[in-house]
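Participant: Need a 3D model of the sequence below.
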Amino acid sequence: MSSKLHLISIAPMLGYTDRHFRYFMRLITQHTFLYTEMIAAQALLHQNFLKFLNFNEIEHPIALQLAGNNPTILAQAAKRVEQHGYDEINFNVGCPSPRVQSGQFGCCLLENPLLVSDCFKAMQDAVTIPVTIKTRLGLIANVEDETTQSNMGESRLVSTKFQPITAFIEMLSEAGCKTFILHARFADLIHYTPRQNRTLPPLHDKKIYQLKNAFPHLEMVFNGGIKTEQDIDEKLKTNIDGVMIGQAAYHNPYFLIHADEKYYQDTHAKLDREQIVEKYLIYMEQETKKGSNKKYILRHLPNLFRGIPLAKQIRNMIVSTALL
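Facilitator: Got it, this is the predicted structure:
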């Protein structure tokens, strides 16, 4: 099952993928699928919920990522997301942060696939837009006991670790989920911090390919360790349906400047860095008149110059000038 919609996407990242960053990315690529930061479903039921939902029409296609573990609350939040015009709702079953651990959602939900299924069905029954799932391959703690004292070979160990996520996907598929975004790492909530969990657990690319072979009728998007255009190309040569880019899209956004032409056959005129700065500064002035913080908007701009000569001096000059 292949869809252009999820061919290239930028991961939901707490503290990074706010609406200003998403507008900024639309100056670079018009087709790459964008995601909001993770938003707790409960937050969308409060009186000030609009501050979490507002976005610019230029951001389409765009999905909002929800987190939670209460089917009723998630369904109510999903309705508000759809009413506000989002193209998709993504359910977070992979974040390892202390915040989600204390709330018993995110990757903690991997221990309770039946609850995940109930949450998914409640959201999907409440809306007409697609509901997708972003998850990891599992929790390290779940497999330590059954592998560390075993004398089995490594191939059997891999199979032992692989089985839980297979059962998880099968259950969610039966519940109606058609798209899974798979971070190709296990989460280790015992030994690693959330930051370390992004990079220290090893990538298991082959497991994602095995899952796609096991469920060819499902759309599967690869997430984890993609940093360059070459990485994208290598993944898209396999059997997966798309790639999701995380930190690299934030820290080196201009590497996606050719994405629309290369992956979506859209030959619209591309903006150079100077043109992007000009348009983004106009946007900044419009937003500050509405009350937005200028420094908060500008914080996304410096990475546009990563990797070019005199990048630091250029960044400092533009930011200093813009703040005057």
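
Participant: Can you get me a residue count around residue 21?
Facilitator: Residue neighbour count, defined by other Cβ atoms under 10 Å, stands at 23 for residue 21. In this view, the C-beta of every residue, glycine as well, is placed from N, C-alpha and C.

Participant: wait, what's in contact with the residue nearest to it when sequence neighbours are not counted?
Facilitator: Leaving aside its sequence neighbours, residue 21 sits nearest to residue 300 (Cβ to Cβ, 6 or more residues apart in numbering; 4.6 Å). Applying Cβ atoms under 8 Å, 6 or more residues apart in numbering to residue 300 gives the contacts 20-21, 24, 250.

Participant: how about 10 Å then?
Facilitator: By Cβ atoms under 10 Å, 6 or more residues apart in numbering, the contact set of residue 300 is 16-18, 20-25, 250, 253, 280, 284.

Participant: repeat for residue 80
Facilitator: Counting by Cβ under 10 Å, 6+ apart, residue 80 makes contact with 41, 44-45, 49-50, 52-53, 64, 86, 126-127.

Participant: what's the answer for residue 272, then?
Facilitator: By Cβ under 10 Å, 6+ apart, residue 272 lies in contact with 254, 257, 278.

Participant: Count the neighbours of the first one for me.
Facilitator: Right, the one you point to is residue 254. Neighbourhood size, residue 254 [other Cβ under 10 Å]: 17.

Participant: That one contacts residue 302, doesn't it?
Facilitator: No. Contact criterion Cβ atoms under 10 Å: residue 254 and residue 302 do not qualify, at 11.7 Å.

Participant: Where does the prediction get shaky in this structure?
Facilitator: Judged by pLDDT under 70, the chain has its weakly predicted residues at 1-3, 98-103, 141-163, 323-324.

Participant: domain parsing for it?
Facilitator: If you go by automatic domain parsing, the domain ranges for the chain are 4-264, 273-323.

Participant: Could you say which of these is packed most deeply?
Facilitator: Mean neighbour count, computed with mean count of other Cβ atoms under 10 Å, is highest for domain 4-264 among these, reaching a mean of 18.

Participant: Now, the contacts of residue 80 that are in helices?
Facilitator: Using DSSP state H, the members of the contacts of residue 80 that fall in helices are 50, 52-53, 126.

Participant: Kindly indicate which of these lies nearest residue 314.
Facilitator: Nearest to residue 314 among the ones in helices among the contacts of residue 80 is residue 52, at 33.7 Å by Cβ to Cβ.

Participant: For that closest one, give me its contacts.
Facilitator: 19, 36-37, 39-40, 43-44, 46, 64, 77, 80-81, 84.

Participant: One more: residue 308?
Facilitator: 254, 273, 314.

Participant: do that again at 8 Å, thanks
Facilitator: Contact analysis of residue 308 by Cβ under 8 Å, 6+ apart lists 273, 314.

Participant: Distance of it relative to residue 252?
Facilitator: Taking Cβ to Cβ, to the nearest Å as the measure, residue 308 falls 11 Å from residue 252.

Participant: One more: residue 302?
Facilitator: 11 Å.

Participant: returning to that earlier point: pipe the contacts of residue 52 into CSV and attach distance to residue 185 per row.
Facilitator: Output for those, formatted as CSV (distance: Cβ to Cβ, whole Å):
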residue, distance to residue 185
19, 28
36, 22
37, 20
39, 23
40, 23
43, 27
44, 29
46, 33
64, 24
77, 27
80, 31
81, 27
84, 32
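
Participant: Show me which of these is closest to residue 119.
Facilitator: Among these, residue 77 lies closest to residue 119 (Cβ to Cβ), at 10.8 Å.

Participant: Whatever helix or strand residue 66 lives in pairs with which strands?
Facilitator: Assignment of secondary structure by DSSP states H and E places residue 66 within strand 62-67. Using DSSP bridges, the strands paired with strand 62-67 are strand 34-40 (parallel), strand 88-93 (parallel).
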